[in-house]
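J.: Have a look at this prediction, sequence included:
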Amino acid sequence: QPIFDAGRNRANLDVATVSRDIAIAQYERSIQTSFREVADALAGRATLGEQLRAQTAQTNALAVTYRLADLRYRAGAASYLDALDAQRSLFTAQQALVQTQALQLQNLVALYRVLGGGWKGE
């Protein structure tokens with residue numbers, strides 16, 4: 001082995017140390033990102049569950065409102081405009097319910113993905 005290498009061994013050691021520190025920092029950042037994604041998905045799951053329950057209750061209430069408005073119209077106690085307005089409100093609530101259900105399913109897929117699940121294609 002050479003006795004005098006002009007600091008090459010020291011420089012190689014410094015490069016190896018810096019490379020190790022960079023790899024550790026990248027690994028820690030990756031772990032923090034993973035924890036953040038899982039926390040976000042779990043928070044979204046809880047929020048969307050509450051939103052879905054509220055949207056379902058509103059849709060059910062508007063369905064009753066529409067049935068009553070239709071009965072009043074058929075009995076001659078109200079105009080058809082009242083029944084149409086109740087039907088329009090019910091339709092809007094049903095659309096919002098479907099959108100909320102889709103968001104909840106998307107959130108479940110995201111949670112599955114961030115927890116390590118994935119598609120294994122052929």
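T.: Received the coordinates, thanks. Numbering: from 1, shown residues only.
J.: Would you map the helices across this protein?
T.: 8-75, 80-114 (DSSP state H).
J.: Can you add mean pLDDT and mean neighbour count and give those back as CSV?
T.: Yep, even glycine has a C-beta here, placed from its N, CA and C like the rest. Shown next, in CSV, are those (pLDDT from 0 to 100; neighbours: other CB atoms under 10 Å):
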stretch, mean pLDDT, mean neighbour count
helix 8-75, 93, 13
helix 80-114, 94, 15
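J.: wait, what's in contact with the closest residue in space to residue 80 that isn't next to it in sequence?
T.: Counting by CB to CB, 6 or more residues apart in numbering, residue 80 lies nearest to residue 73, which is 5.5 Å off, once chain neighbours are set aside. For residue 73, the contact set (CB atoms under 8 Å, 6 or more residues apart in numbering) comprises 79, 80, 82, 83.
J.: now residue 85: how far from residue 96?
T.: Distance, residue 85 to residue 96, using CB to CB, to the nearest Å: 17 Å.
J.: let me redo that: residue 27
T.: Using CB to CB, residue 27 is found at 43 Å from residue 96.
J.: now swap in residue 107 and tell me
T.: According to CB to CB, residue 107 stands 16 Å off from residue 96.
J.: Chain neighbours aside, what residue packs nearest to the spatially most central residue of the chain?
T.: Ranked by distance to the mean C-alpha position of the chain (CA atoms, centre = their mean), the top residue is residue 107 at 3.3 Å. Nearest residue to residue 107, sequence neighbours excluded (CB to CB, 6+ apart): residue 44, at 4.7 Å.
J.: Cool, thanks, talk later.
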